[in-house]
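**Q** Just need the structure, nothing else, for what follows:
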Amino acid sequence: MDKINSELKTHDISIQQFNVLRILKGQKGCPANLSTIQERMVSKMSNTTRLVDKLIQKNFVQRATCVSNRRKVEITITQEGNTFLETVSPLISAFEHKLTSSLSEEDMITLNELLNKLRT
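**A** All right, here's what the predicted structure looks like:
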């Protein structure tokens, strides 16, 4: 994670912010609320509100009040956020591939299973 975080810093974004963008892109245009984002975060310790605020400052996401429920806040990725992901995601994927290239398919499955156990 430290290596990936260092790579993302060259693009002026943290790994947690990058994760939020990927979650919102996965919504396929549908808005998400803070609790949905928090549930899907890789790092459950992240301050989701602060992360979203920073992404709003970068113009990568937008926040709006739900029309039907004024207490509900909806968060969506902007076109600028999508463009950023289209540029950076392939670079990060290549970097992750380079980091894991010495692991076999079986090693990767085991690693994922172990990390999932740690998360729960």
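**Q** contacts and neighbour counts: CA atoms only from here.
**A** Fine.
**Q** what about the strands in this structure?
**A** Per DSSP state E, the chain carries strands over the ranges 61-65, 73-77.
**Q** now, of those, which is deepest in the fold?
**A** Mean neighbours per residue, mean count of other CA atoms under 10 Å, is largest over the strands of the chain for strand 73-77, with a mean of 20.
**Q** Hmm, Asn19 and Val42 touching each other?
**A** Yes - in this structure, Val42 is within contact of Asn19 by CA atoms under 8 Å, at 7.3 Å.
**Q** residues contacting the most centrally placed residue in the chain?
**A** Of all residues in the chain, the one closest to the mean position by CA atoms, centre = their mean is Asn19, 1.1 Å from it. With contact set as CA atoms under 8 Å, 6 or more residues apart in numbering, Asn19 has these partners: Met41, Val42.
**Q** gap between it and Thr76?
**A** 14 Å (CA to CA, to the nearest Å).
**Q** do Pro31 as well
**A** In terms of CA to CA, Pro31 sits 5 Å off from Thr76.
**Q** Quick check: neighbours shared by these two?
**A** Leu24.
**Q** related to what we said a few turns ago, is it possible to get JSON lines of the strands of the chain that adds distance to Leu103 and mean pLDDT?
**A** Listed next are those as JSON lines, based on distance: least, CA to CA, whole Å; pLDDT from 0 to 100:
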{"stretch": "strand 61-65", "distance to Leu103": "35", "mean pLDDT": "93"}
{"stretch": "strand 73-77", "distance to Leu103": "34", "mean pLDDT": "95"}
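**Q** need these in TSV with distance to Asp53, can you?
**A** Formatted as TSV, the strands of the chain follow (distance: least, CA to CA, whole Å):
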stretch	distance to Asp53
strand 61-65	9
strand 73-77	11
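**Q** okay, and for the protein, where does confidence drop off?
**A** Residue ranges of the chain with pLDDT under 70: 44-45, 119-120.
**Q** can you pull out the helices in it?
**A** Under the criterion DSSP state H, the chain contains helices at 2-9, 15-26, 34-40, 48-57, 79-100, 105-119.
**Q** So which of those helices is nearest Arg70?
**A** helix 34-40 (14.6 Å; CA to CA).
**Q** Please save the CA atoms from the closest one in CSV.
**A** C-alpha atoms of helix 34-40 as CSV (Å, rounded to 0.1, in the frame of the first residue of the first chain):
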residue,chain,number,x,y,z
LEU,A,34,-21.6,8.5,2.6
SER,A,35,-22.6,5.2,4.3
THR,A,36,-22.5,3.3,1.0
ILE,A,37,-19.0,4.7,0.2
GLN,A,38,-17.8,3.8,3.8
GLU,A,39,-19.1,0.2,3.4
ARG,A,40,-17.2,-0.3,0.2
